[in-house]
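>>> Pasting the sequence and the predicted coordinates here, then a few questions.
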2 protein chains.
Amino acid sequence: MTMAKYETEILADEKVPTIRLVREFDAPPAQVFRAHVDPELYAQWVGPHSITTRITRWDARTGGEWAFASDRGGEEIAAFHGSFHEVRPDERIVWTFTYDGEPDNVALETLTLEELDGGRTRLRVLSVVADFATRDGMLASGMATGINEGYAKLDDLLAKEA
Amino acid sequence: MTMAKYETEILADEKVPTIRLVREFDAPPAQVFRAHVDPELYAQWVGPHSITTRITRWDARTGGEWAFASDRGGEEIAAFHGSFHEVRPDERIVWTFTYDGEPDNVALETLTLEELDGGRTRLRVLSVVADFATRDGMLASGMATGINEGYAKLDDLLAKEA
């Protein structure tokens, strides 16, 4: 496990209950997009090193749905589900996100892909929830570890595919 | 056109970019729920008096999708679409909502149905967006007219069915 070249900025807005992530990748938008909508690719990188991801539903189109489980040592330790509100190829994905253990908490997440010089991409992820307590609970849940370890795996996957 | 018996409270939170509606109905939760998920019923009441609603996609289940158009004088004047993040019978509906004319604006809406004495229901609708400008734009768009006229039509529909 090597240090990732890029850091993920994780910003909690003071005025609104949102979390903003910003992360660059050494691959063009189309490739980063595909790693988010192809279930076999997505399962390879999402989440922390300690878990493996098992996709249980996946229909990555505007109006489609998704669900996956996180396994550790062969046991399911968490599951998540949501809808694809919009899948705009190579540009934008809007999905809802719920941890099945807290079914009344729903985040609305917007991913946007910006093309940078040198065949690179800036990914922005905006997560919106209804109140600050839910937002702060997400931040306190150890999400940074999962995000940083997941994006480091995504770096490796993008490099391998290139 | 008669005055509605109940008023709709429309609350714009100062601290978060949300809109909260609260409205009572003279019908039990199961009936109010059905009027939101049955496309033939929904089309009969949603929106202001000046338009008719034409459902174009409708799959009212957790993970499903929806879309409808608003017609005036036989011409389409607006269209909307989204996903059903959750459909929990007689209790709760979570959907995403986009006006097709502003495809980058997405609201996450949670409807909850609370049973009241006398076979009545209190409906709460929480709309969450990412920033105050979007929220204030929704409030300025004349949404109150559509909501109040729509819920008055829903009152009539519920009374007719009872």
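Good, I have the coordinates. Numbers count the residues shown, from 1 in each chain, chains lettered A, B, ... in the order given.

>>> List the buried residues for the helix or strand where A:Lys160 lies?
According to DSSP states H and E, A:Lys160 maps onto helix A:143-161. In terms of neighbour count (16 or more other C-beta atoms under 10 Å in any protein chain shown), helix A:143-161 has its buried residues at A:143, A:146-155, A:157-158. C-beta here means a position set from N, CA and C on the backbone, and glycine is covered the same way.

>>> Look at the residue lying closest to A:Leu21 once chain neighbours are set aside and report its pLDDT.
Nearest residue to A:Leu21 in three dimensions, chain neighbours excluded: A:Val125, at 4.1 Å (C-beta to C-beta, 6 or more residues apart in numbering or on different chains). Here, the pLDDT recorded for A:Val125 equals 97.

>>> Likewise for the one 3 residues further on?
If you check A:Val128, the pLDDT there is 94.

>>> Confirm that A:His36 lies within a helix, as I assumed.
Yes - under DSSP: H, G, I helix; E, B strand; the rest coil, A:His36 falls within a helix.

>>> Please report how far it lies from A:Ala30.
11 Å (C-beta to C-beta, to the nearest Å).

>>> and if you look at A:Val16?
Distance from A:Val16 to A:Ala30, by C-beta to C-beta: 31 Å.

>>> Compare neighbour counts for the two and give me the winner.
Legend: neighbour count by other C-beta atoms under 10 Å in any protein chain shown for A:Val16 and A:Ala30, higher for A:Val16 (20 against 14).

>>> Helix, strand, or coil at the more buried one?
What three-state DSSP gives for A:Val16 is coil.

>>> do the same with A:Ser50
Assignment for A:Ser50 (three-state DSSP): coil.

>>> Run a quick neighbour tally on it.
12.

>>> tell me the contacts of it?
Residues in contact with A:Ser50, defined by C-beta atoms under 8 Å, 6 or more residues apart in numbering or on different chains, are A:Arg72.

>>> Quick check: the gap between it and chain B.
With distances taken as C-beta to the nearest C-beta, to the nearest Å, A:Ser50 is found 28 Å from chain B.

>>> Equivalent analysis for A:Arg135, please.
Relative to chain B, A:Arg135 is positioned 10 Å away (criterion: C-beta to the nearest C-beta).

>>> quick revisit: contact partners of the helix holding A:Lys160?
By C-beta under 8 Å, 6+ apart, helix A:143-161 touches A:1-2, A:4-8, A:10, A:19, A:21, A:23, A:25-27, A:31-32, A:35, A:41, A:44-49.

>>> what residues are up against A:Gly47?
With C-beta under 8 Å, 6+ apart, A:Gly47 has these contacts: A:53, A:70, A:146, A:149-150.

>>> change it to 6 Å
Going by C-beta atoms under 6 Å, 6 or more residues apart in numbering or on different chains, A:Gly47 touches A:53, A:70, A:146, A:150.

>>> For those residues, give me a markdown table that also has pLDDT and distance to B:Trp66.
Output for those, formatted as a markdown table (pLDDT from 0 to 100; distance: C-beta to C-beta, whole Å):
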| residue | pLDDT | distance to B:Trp66 |
| --- | --- | --- |
| A:Thr53 | 97 | 29 |
| A:Ser70 | 97 | 30 |
| A:Gly146 | 91 | 32 |
| A:Gly150 | 96 | 31 |
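
>>> count of residues packed around the residue lying closest to A:Ala30 once chain neighbours are set aside?
Leaving aside its sequence neighbours, A:Ala30 sits nearest to A:Asp90 (C-beta to C-beta, 6+ apart; 4.7 Å). A:Asp90: 14 surrounding residues under other C-beta under 10 Å.

>>> For chain A, which residues are neighbours of chain B?
A:16-17, A:63, A:65, A:83, A:85, A:94, A:96, A:106, A:108, A:128, A:130 (C-beta under 6 Å from any C-beta of the partner chain).

>>> so which of these is the most crowded?
Going by other C-beta under 10 Å, A:Ser83 tops the residues of chain A next to chain B with 30 neighbours.

>>> Apart from its chain neighbours, what residue comes closest to that one?
B:Ser83 (3.5 Å).

>>> and that neighbour, bridged to which residues?
B:Glu65 (DSSP bridges).
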